[in-house]
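Participant: here's my sequence, what's the structure:
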Amino acid sequence: MGLFTNNEKKALINIEKQNHQARKKANDIKLNDKLTDKQKQEQLADLQAKVDMRYKTKSDILGKHKVNVIDAPIYGVNKKETLEDL
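Facilitator: This is a model prediction of the structure:
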């Protein structure tokens, strides 16, 4: 039996997709020469508010379950040893 329900998995994936799109949109806003600094700030603040709401939803889902987080493998000299330890 999995840790998360199918609906929770779908929600977490959707949150990550939306956050990725928000990062791309934020970059586009920053690079848009047609917007004033104030317009950029307003649009970026709106995006951030949406990301913050999704973060809360994600935290609520993850908070329902005990999740063990491990450090990502170090790539380089110790990659083989690190992967063996996992």
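Participant: which SSE is the residue nearest the centre of the chain in?
Facilitator: Geometric centre of the chain, nearest residue: residue 16, 4.8 Å, by Cα atoms, centre = their mean. Following DSSP states H and E, one finds residue 16 within helix 6-31.
Participant: cool, residue 51 as well?
Facilitator: Using DSSP H and E, residue 51 falls within helix 37-63.
Participant: tell me what that helix is packed against?
Facilitator: Under the contact criterion of 3 or more Cβ pairs under 8 Å, 6 or more residues apart in numbering; DSSP states H and E, helix 37-63 touches helix 6-31. For the C-beta atoms, the positions are set from N, CA and C on the backbone; glycine is no exception.
Participant: just how off-centre is the helix it packs on within its chain?
Facilitator: Distance of helix 6-31 from its chain centroid, counting by Cα atoms, centre = their mean, to the nearest Å, is 7 Å.
Participant: residues of it that come out buried?
Facilitator: 8, 11-12, 15, 19, 22, 26, 29 (16 or more other Cβ atoms under 10 Å).
Participant: quick check: residue 61 touching residue 4?
Facilitator: Yes. Using Cβ atoms under 8 Å, residue 61 makes contact with residue 4 at a distance of 7.4 Å.
Participant: so what's in contact with these two at the same time?
Facilitator: residue 12 (Cβ atoms under 8 Å, 6 or more residues apart in numbering).
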